[in-house]
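Novice: Got a sequence here, can you model it:
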Amino acid sequence: MKNNPPIIDIPLTGSETIFEIKKNPSFKSQMGFIFLKAVLISPFRTNTIADNAIMKTTRMILKNYLPDKQRIKQYRNVCAFSEDNRIDIIPISYFQTLFIGLIGRFITSCFFPVNPLGLIHIFQSFEQKRAVTTNEILDLACILSGVRKTPKGIETDFTLEVMSGKTLVWQGVSTFLTKNRVNKKKPSKKKSDIFLAKKETIFVPSETGRKYAAVSGDYNPHHLHTLPAKLFGFKRAIAHGMWSLARVTASLDREFGIQDAAMIEAAFKLPIFLPATTILGYDRQNHTQGHPPIVHFELRDKHQGLPHLKGRLLYKNQG
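Specialist: As a prediction, the model looks like this:
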């Protein structure tokens, strides 16, 4: 019986490097420039890191950001959040979109040694400390917080922070995978999969990628049209993983109510090829007196039952 290769953590050492940008590049023109830069520098970047590599802790910051109320309204519509009396409250999943431009700047900078093309978003978590309104002025920070070599490739963690004044109000972690170009092995036998109770059928129209790009700033070509998607190895355009997570979050919010202090974490599985019909399943546990509930959820393909997304919602006690 062969042992699996070990996971090697790459140390982040030295004094923290802080790089401040003056304007968030989360809109179409600048994201196009970032993508072009990624293409140009890609031949000079590697898909692996030496076991004894040492990287610096780096923080990219943007200060005094005022949320765009119109964009948040459009985001609510695209992701199916309800229009209720909390319209001035920013949806818990929306904050991740504020970091798309920052992450784009980060991975095309000298602070990130790995090839910026082909990064696969495999995990996302975010924790809201309290409700945040659209009138608050925010400071954003994107920190390279973890790098490790795994049998599948290089995983990188970006910790995302939202400050209101001197208070941390939202924190997330985005994990990306850069696949190895060599040592491709046959997939191991998968364990039996347990399905959660089906609760909602969600149709995903063909224009979902373009609509989400307009409200999130994520204009990666494989989400927009079939032709560029094929250039990236997909048979059709695929939905953003973060759209699927936001869409699930909207349904959970309608069913249970996302309280002011809550945490959501999810692993992205197989892509959603557009258009598609999906099934949302979830199960609420630990809803006894004195114990906040935990909601396990999953999004699957309606016809084959293949998983697109699995995660959980945890309610937090404000203190």
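
Novice: C-alpha only now, for contacts and for neighbours.
Specialist: OK.

Novice: what mean pLDDT does stretch 213-231 have?
Specialist: Throughout stretch 213-231, pLDDT has a mean value of 92.

Novice: ok, residues contacting that stretch?
Specialist: Contact with stretch 213-231 is made by 26-28, 31-32, 35, 71-72, 74-75, 78, 97-98, 100-101, 207, 209-210, 212, 232, 234-240, as judged by Cα atoms under 8 Å, 6 or more residues apart in numbering.

Novice: same thing with stretch 295-305?
Specialist: Contact partners of stretch 295-305, identified using Cα under 8 Å, 6+ apart, comprise 196, 201, 248, 272, 276-285, 306-314.

Novice: Try it again at 6 Å.
Specialist: Stretch 295-305 is touched from outside by 277-284, 306-313, with contacts defined as Cα atoms under 6 Å, 6 or more residues apart in numbering.

Novice: Report the buried residues of it.
Specialist: Val295, His296, Phe297, Glu298, Leu299, Arg300, Asp301, Lys302 (16 or more other Cα atoms under 10 Å).

Novice: repeat for stretch 32-47
Specialist: For stretch 32-47, using 16+ other Cα under 10 Å, the buried residues are Gly32, Ile34, Phe35, Lys37, Ala38, Ser42, Asn47.

Novice: I'd like to know which of the buried residues of stretch 295-305 are part of strands.
Specialist: Among the buried residues of stretch 295-305, DSSP state E puts Val295, His296, Phe297, Glu298, Leu299, Arg300, Asp301 in strands.

Novice: Would you mind naming the residues that bridge with the first one?
Specialist: When bridges are called by DSSP bridges, Val295 pairs up with Arg284, Leu313.

Novice: Distance of Gly305 relative to Gly153?
Specialist: Remark: distance between Gly305 and Gly153 (Cα to Cα, to the nearest Å) = 27 Å.

Novice: How about Thr226?
Specialist: 27 Å.

Novice: Including distance to Lys56, could the buried residues of stretch 295-305 go into JSON lines?
Specialist: Converted to JSON lines, those look like this (distance: Cα to Cα, whole Å):
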{"residue": "Val295", "distance to Lys56": "37"}
{"residue": "His296", "distance to Lys56": "36"}
{"residue": "Phe297", "distance to Lys56": "36"}
{"residue": "Glu298", "distance to Lys56": "36"}
{"residue": "Leu299", "distance to Lys56": "37"}
{"residue": "Arg300", "distance to Lys56": "39"}
{"residue": "Asp301", "distance to Lys56": "41"}
{"residue": "Lys302", "distance to Lys56": "44"}
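
Novice: Asp157: how many residues sit nearby?
Specialist: Residues near Asp157, counting by other Cα atoms under 10 Å, number 18.

Novice: Need the three-state assignment for it.
Specialist: Under DSSP: H, G, I helix; E, B strand; the rest coil, the three-state class of Asp157 is strand.

Novice: And it, what's its pLDDT?
Specialist: In this model, Asp157 is scored at 96, pLDDT.

Novice: pretty sure it is touching Thr175, no?
Specialist: Yes. Using Cα atoms under 6 Å, Asp157 is in contact with Thr175, at 4.5 Å.

Novice: now the strands: where do they sit in this protein?
Specialist: With DSSP E as the criterion, the chain has strands at 8-10, 12-20, 55-65, 120-128, 138-150, 153-164, 167-179, 198-204, 262-268, 276-285, 294-301, 307-315.
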